[in-house]
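how does the following fold in three dimensions:
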Amino acid sequence: MNTLTTTIGQLFAGGTGYLDHEGHRSGIFKREILDRVRVDSQGILGDEHADKRVHGGPEKAVHQYAAENYGQIAQAFPRSASLLVPGSLGENISAQTLSEANVHIGDIFSVGTAIFQVSQPRSPCWKINHRFGEERMSVYVAQAWITGWYYRVLVPGEIRPGDTMTLLERQTDRFSIEKFWEVQLSHRPSLDDLAALIAVPGLAPDWKRRLEERTKWLRALLDKVT
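You can find the predicted model right below:
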(Lines give C-alpha, C1' and ligand atoms only; values in the text may rest on other atoms or scores of the structure.)
Protein backbone atom coordinates (compact mmCIF):
# COMPACT_ATOMS: atom_id res chain seq x y z
CA MET A 1 0.00 0.00 0.00
CA ASN A 2 1.41 3.38 -1.01
CA THR A 3 1.32 6.18 1.52
CA LEU A 4 -1.80 8.27 0.96
CA THR A 5 -1.62 11.74 2.41
CA THR A 6 -2.97 15.24 1.90
CA THR A 7 -3.70 18.37 3.89
CA ILE A 8 -7.05 19.86 4.86
CA GLY A 9 -7.73 22.64 2.40
CA GLN A 10 -10.82 24.07 4.08
CA LEU A 11 -13.03 23.18 7.05
CA PHE A 12 -16.76 23.83 7.30
CA ALA A 13 -19.42 23.47 9.98
CA GLY A 14 -22.35 25.43 11.27
CA GLY A 15 -26.06 25.75 11.75
CA THR A 16 -29.03 25.09 9.52
CA GLY A 17 -30.60 27.25 6.82
CA TYR A 18 -33.68 27.17 4.63
CA LEU A 19 -34.02 25.82 1.10
CA ASP A 20 -36.18 27.52 -1.56
CA HIS A 21 -39.62 29.00 -1.13
CA GLU A 22 -40.99 25.88 0.59
CA GLY A 23 -38.82 26.60 3.61
CA HIS A 24 -37.16 23.21 4.10
CA ARG A 25 -34.54 23.34 6.83
CA SER A 26 -31.15 21.86 5.96
CA GLY A 27 -27.65 21.63 7.33
CA ILE A 28 -26.16 21.93 3.84
CA PHE A 29 -25.29 25.57 4.56
CA LYS A 30 -21.92 25.61 6.32
CA ARG A 31 -19.57 28.40 7.33
CA GLU A 32 -15.83 28.18 6.92
CA ILE A 33 -13.76 27.46 10.01
CA LEU A 34 -10.35 29.12 10.08
CA ASP A 35 -9.13 28.03 13.50
CA ARG A 36 -8.58 24.76 15.33
CA VAL A 37 -11.82 22.98 16.24
CA ARG A 38 -12.73 19.99 18.39
CA VAL A 39 -14.12 16.83 16.81
CA ASP A 40 -15.63 13.90 18.69
CA SER A 41 -17.86 10.90 17.97
CA GLN A 42 -20.75 13.18 16.95
CA GLY A 43 -18.68 15.29 14.58
CA ILE A 44 -17.23 18.79 14.56
CA LEU A 45 -18.18 20.91 17.55
CA GLY A 46 -20.90 23.33 16.53
CA ASP A 47 -21.99 21.46 13.41
CA GLU A 48 -25.74 20.96 13.05
CA HIS A 49 -28.14 18.78 11.04
CA ALA A 50 -31.79 19.53 10.35
CA ASP A 51 -32.96 15.95 9.79
CA LYS A 52 -31.12 13.72 12.24
CA ARG A 53 -32.90 10.62 10.93
CA VAL A 54 -30.60 10.62 7.90
CA HIS A 55 -27.79 13.04 8.76
CA GLY A 56 -25.21 13.16 11.51
CA GLY A 57 -24.56 10.65 14.26
CA PRO A 58 -21.49 8.47 14.88
CA GLU A 59 -21.56 6.74 11.48
CA LYS A 60 -21.79 10.08 9.63
CA ALA A 61 -19.77 12.23 11.99
CA VAL A 62 -17.61 14.01 9.41
CA HIS A 63 -18.23 14.43 5.68
CA GLN A 64 -15.37 14.92 3.21
CA TYR A 65 -15.69 15.96 -0.42
CA ALA A 66 -12.97 16.04 -3.06
CA ALA A 67 -12.40 19.66 -4.08
CA GLU A 68 -11.66 18.71 -7.69
CA ASN A 69 -15.14 17.24 -8.13
CA TYR A 70 -16.64 20.72 -8.28
CA GLY A 71 -15.10 21.38 -11.69
CA GLN A 72 -16.76 18.27 -13.10
CA ILE A 73 -20.16 19.23 -11.70
CA ALA A 74 -19.76 22.78 -13.03
CA GLN A 75 -19.18 21.44 -16.54
CA ALA A 76 -22.41 19.47 -16.31
CA PHE A 77 -24.36 22.39 -14.77
CA PRO A 78 -22.76 25.58 -16.13
CA ARG A 79 -25.63 27.78 -14.93
CA SER A 80 -24.58 27.02 -11.34
CA ALA A 81 -20.81 27.08 -11.94
CA SER A 82 -20.19 30.22 -9.86
CA LEU A 83 -21.96 28.67 -6.88
CA LEU A 84 -20.14 25.33 -7.03
CA VAL A 85 -17.33 26.04 -4.60
CA PRO A 86 -15.90 23.99 -1.71
CA GLY A 87 -18.37 23.81 1.15
CA SER A 88 -21.46 24.35 -0.99
CA LEU A 89 -22.44 20.66 -0.93
CA GLY A 90 -22.44 20.68 2.86
CA GLU A 91 -19.12 18.91 3.43
CA ASN A 92 -17.01 19.42 6.54
CA ILE A 93 -13.62 18.77 4.95
CA SER A 94 -12.46 19.91 1.52
CA ALA A 95 -9.12 18.62 0.27
CA GLN A 96 -7.19 17.71 -2.85
CA THR A 97 -5.62 14.30 -3.62
CA LEU A 98 -8.13 12.14 -1.74
CA SER A 99 -11.03 11.08 -3.95
CA GLU A 100 -13.62 8.39 -4.49
CA ALA A 101 -11.04 6.55 -6.61
CA ASN A 102 -8.39 6.15 -3.90
CA VAL A 103 -10.32 6.30 -0.62
CA HIS A 104 -11.60 2.88 0.46
CA ILE A 105 -14.28 1.66 2.84
CA GLY A 106 -12.74 1.16 6.29
CA ASP A 107 -9.66 3.32 5.65
CA ILE A 108 -8.24 4.76 8.87
CA PHE A 109 -6.68 8.23 8.73
CA SER A 110 -4.87 10.40 11.20
CA VAL A 111 -6.33 13.90 10.91
CA GLY A 112 -4.74 16.53 13.09
CA THR A 113 -4.77 14.96 16.55
CA ALA A 114 -7.84 12.83 15.76
CA ILE A 115 -8.23 9.46 14.04
CA PHE A 116 -11.06 8.90 11.53
CA GLN A 117 -12.37 5.80 9.75
CA VAL A 118 -14.24 5.82 6.44
CA SER A 119 -17.65 4.34 7.20
CA GLN A 120 -19.69 4.84 4.03
CA PRO A 121 -20.23 6.98 0.95
CA ARG A 122 -22.56 9.93 1.07
CA SER A 123 -25.92 9.28 -0.60
CA PRO A 124 -26.86 12.49 -2.47
CA CYS A 125 -30.43 13.64 -1.91
CA TRP A 126 -32.93 16.15 -3.30
CA LYS A 127 -31.56 18.92 -1.08
CA ILE A 128 -28.63 19.33 -3.46
CA ASN A 129 -31.12 20.04 -6.25
CA HIS A 130 -32.93 22.63 -4.16
CA ARG A 131 -29.69 24.21 -2.99
CA PHE A 132 -28.68 25.04 -6.57
CA GLY A 133 -32.05 25.08 -8.32
CA GLU A 134 -30.96 22.20 -10.57
CA GLU A 135 -33.46 19.38 -11.00
CA ARG A 136 -31.02 16.53 -11.66
CA MET A 137 -27.81 17.52 -9.90
CA SER A 138 -28.14 14.92 -7.14
CA VAL A 139 -28.74 12.20 -9.74
CA TYR A 140 -25.67 13.32 -11.67
CA VAL A 141 -23.48 13.29 -8.55
CA ALA A 142 -24.69 9.79 -7.68
CA GLN A 143 -24.33 8.33 -11.16
CA ALA A 144 -20.85 9.85 -11.60
CA TRP A 145 -19.80 8.28 -8.26
CA ILE A 146 -18.54 11.66 -6.98
CA THR A 147 -20.53 11.61 -3.76
CA GLY A 148 -17.92 12.14 -1.08
CA TRP A 149 -17.76 9.96 2.00
CA TYR A 150 -18.33 9.90 5.74
CA TYR A 151 -16.03 9.17 8.66
CA ARG A 152 -16.66 7.84 12.12
CA VAL A 153 -14.32 9.29 14.74
CA LEU A 154 -12.24 6.57 16.38
CA VAL A 155 -10.16 8.96 18.49
CA PRO A 156 -11.46 12.46 19.28
CA GLY A 157 -9.10 15.37 18.83
CA GLU A 158 -8.63 18.73 17.19
CA ILE A 159 -8.31 19.61 13.51
CA ARG A 160 -7.69 22.81 11.54
CA PRO A 161 -7.06 23.88 7.94
CA GLY A 162 -3.59 22.82 6.86
CA ASP A 163 -3.47 19.74 9.08
CA THR A 164 -2.10 16.60 7.50
CA MET A 165 -4.36 13.66 6.71
CA THR A 166 -2.44 10.38 6.47
CA LEU A 167 -3.71 6.89 5.75
CA LEU A 168 -2.74 4.64 8.68
CA GLU A 169 -4.51 1.40 7.83
CA ARG A 170 -6.48 -0.08 4.94
CA GLN A 171 -9.12 -2.77 5.47
CA THR A 172 -9.72 -3.62 1.81
CA ASP A 173 -7.79 -3.06 -1.40
CA ARG A 174 -10.90 -3.92 -3.39
CA PHE A 175 -13.64 -1.54 -2.37
CA SER A 176 -12.90 2.10 -3.00
CA ILE A 177 -15.85 4.47 -2.79
CA GLU A 178 -16.12 4.17 -6.58
CA LYS A 179 -16.14 0.37 -6.41
CA PHE A 180 -18.77 0.49 -3.66
CA TRP A 181 -21.07 2.41 -5.99
CA GLU A 182 -20.28 0.13 -8.91
CA VAL A 183 -21.60 -2.82 -6.89
CA GLN A 184 -24.45 -0.96 -5.24
CA LEU A 185 -25.78 0.64 -8.42
CA SER A 186 -25.45 -2.50 -10.52
CA HIS A 187 -28.82 -3.83 -11.66
CA ARG A 188 -27.91 -7.33 -10.49
CA PRO A 189 -24.59 -7.40 -8.63
CA SER A 190 -22.99 -10.78 -8.10
CA LEU A 191 -23.62 -12.47 -4.79
CA ASP A 192 -19.86 -12.82 -4.34
CA ASP A 193 -19.37 -9.06 -4.72
CA LEU A 194 -22.13 -8.34 -2.23
CA ALA A 195 -20.73 -10.83 0.29
CA ALA A 196 -17.23 -9.38 -0.02
CA LEU A 197 -18.49 -5.83 0.43
CA ILE A 198 -20.61 -6.74 3.46
CA ALA A 199 -17.55 -8.35 5.05
CA VAL A 200 -15.36 -5.23 4.85
CA PRO A 201 -14.40 -4.16 8.40
CA GLY A 202 -15.58 -0.65 9.08
CA LEU A 203 -18.57 -0.56 6.72
CA ALA A 204 -21.46 1.19 8.47
CA PRO A 205 -23.98 -1.24 10.03
CA ASP A 206 -26.90 0.32 8.15
CA TRP A 207 -25.23 -0.40 4.82
CA LYS A 208 -24.40 -3.95 5.90
CA ARG A 209 -28.10 -4.47 6.69
CA ARG A 210 -29.23 -2.99 3.37
CA LEU A 211 -26.77 -5.08 1.38
CA GLU A 212 -27.77 -8.22 3.29
CA GLU A 213 -31.41 -7.56 2.43
CA ARG A 214 -30.49 -7.14 -1.21
CA THR A 215 -28.53 -10.38 -1.10
CA LYS A 216 -31.57 -12.24 0.23
CA TRP A 217 -33.75 -10.75 -2.50
CA LEU A 218 -31.30 -11.77 -5.24
CA ARG A 219 -30.96 -15.27 -3.85
CA ALA A 220 -34.73 -15.68 -3.81
CA LEU A 221 -34.90 -14.43 -7.39
CA LEU A 222 -32.22 -16.87 -8.50
CA ASP A 223 -34.02 -19.73 -6.74
CA LYS A 224 -37.18 -18.97 -8.71
CA VAL A 225 -35.26 -18.99 -11.98
CA THR A 226 -33.60 -22.32 -11.26
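
for residue 3, grab the count of nearby residues.
7 (other C-beta atoms under 10 Å). For the C-beta atoms, the positions are set from N, CA and C on the backbone; glycine is no exception.

repeat for residue 39
Count around residue 39 with other C-beta under 10 Å applied: 27.

quick check, it in a strand?
Yes - per DSSP: H, G, I helix; E, B strand; the rest coil, residue 39 lies within a strand segment.

contacts only, for it.
Applying C-beta atoms under 8 Å, 6 or more residues apart in numbering to residue 39 gives the contacts 45, 61, 62, 111, 112, 114, 153, 156, 157, 158, 159.

what is the lowest-pLDDT residue among those residues?
pLDDT is lowest at residue 45 among these; the value there is 93.

spatially, which residue comes closest to it, not counting chain neighbours?
For residue 45, ignoring the flanking residues on the chain, the nearest one in space by C-beta to C-beta, 6 or more residues apart in numbering is residue 38 at 4.3 Å.

bridging residues for the one you found?
Counting by DSSP bridges, residue 38 is bridged to residue 158.

ok, it - contacts?
44, 45, 156, 157, 158.

and the most centrally placed residue in the chain, what pLDDT?
Geometric centre of the chain, nearest residue: residue 149, 1.9 Å, by C-alpha atoms, centre = their mean. Predicted confidence (pLDDT) for residue 149: 98.

how about it, phi and psi?
Torsion angles at residue 149 (phi, psi; degrees, to the nearest 10) stand at phi -150, psi 160.

what do you get for residue 187?
phi -60, psi -40.

that one: neighbour count?
Counted with other C-beta under 10 Å, residues neighbouring residue 187 total 4.

same thing with residue 75?
Using other C-beta under 10 Å, residue 75 has 10 neighbouring residues.

thanks a lot, catch you later.
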